[in-house]
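S.K.: Sequence below, structure please.
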Amino acid sequence: MKYLKSYNESIRDMMAPVSKEEVDKAVQKMDTIDILRNIQRGRLDDSYLPPDEKILDYLKDIDTFDRIRQIKSGLIPDKFMPTKEEIIEGMPNPNVIFKPTTNWGSGSGQGDIEVSYNDLVKLFGEPGEGDDYKVSMEWSVEDQDGNIVNIYDWKATTLYDSDLYDPEELKELDSFEWNIGAKNKEDAKNLIGYVYKSI
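M.R.: Modelled structure (predicted):
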């Protein structure tokens, strides 16, 4: 019983309010990513956001696609989103070419790409039908090495939820975030770069 009491007391101490000076002192010992994670989790407010130079210094050591993932998760501020040119430069295979295929690839969600329906139609033709529930339309494309990647609208239309886009409305949008299914991240990265290079 004595152990339980001391444990409860220590938990209470951990939850006790901390002075600004104590927080400032703790933040000075943190590296950039730890500060960003604590802001994301609500443990620190935005006033502790590191200067742009520190965030850029952290970003130079991570891959462009991991940077996108961290921005979309809310870890890194949106203003650090890479340009299309940086995404193209980050392609594992800059010489890759994708063509529409009737083959179907197995894989899972490996990323997403923000382009219009019309951009994808210009590159790959009309999409195939989805499952009429979670997916209303999808493209299956293949590179010259036989790697198959799928582009689709995962849980994005009224087929899945009546509050979402009608599939025909989605086609009219200037831009939409399409899901990418592939066997690995490299194939998804190549597709994203290829599309951005081609539109």
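S.K.: can you give me the strands in the chain?
M.R.: In the chain, the segments counted as strands under DSSP state E are 98-100, 108-115, 128-129, 137-143, 148-152, 176-182.
S.K.: Which among those is found nearest to D34?
M.R.: Among the strands of the chain, the nearest to D34 by C-beta to C-beta is strand 108-115 (25.8 Å). No exception for glycine: its C-beta is placed from N, CA and C like everyone else's.
S.K.: angle of that closest one against strand 148-152?
M.R.: 60 degrees (axes from the mean of the first three to the mean of the last three C-alpha atoms, to 10 degrees).
S.K.: Just want the angle from strand 108-115 to strand 176-182.
M.R.: 150 degrees.
S.K.: Return the set of buried residues in strand 108-115.
M.R.: Judged by neighbour count (16 or more other C-beta atoms under 10 Å), strand 108-115 contains these buried residues: Q110, G111, D112, I113, V115.
S.K.: what do you get for stretch 94-107?
M.R.: Residues of stretch 94-107 classed as buried by neighbour count (16+ other C-beta under 10 Å): V96, F98, T101, G105, G107.
S.K.: That stretch: end-to-end distance?
M.R.: 22 Å (C-alpha to C-alpha, to the nearest Å).
S.K.: what separates it from the chain centre, distance-wise?
M.R.: Distance of stretch 94-107 from its chain centroid, counting by C-alpha atoms, centre = their mean, to the nearest Å, is 21 Å.
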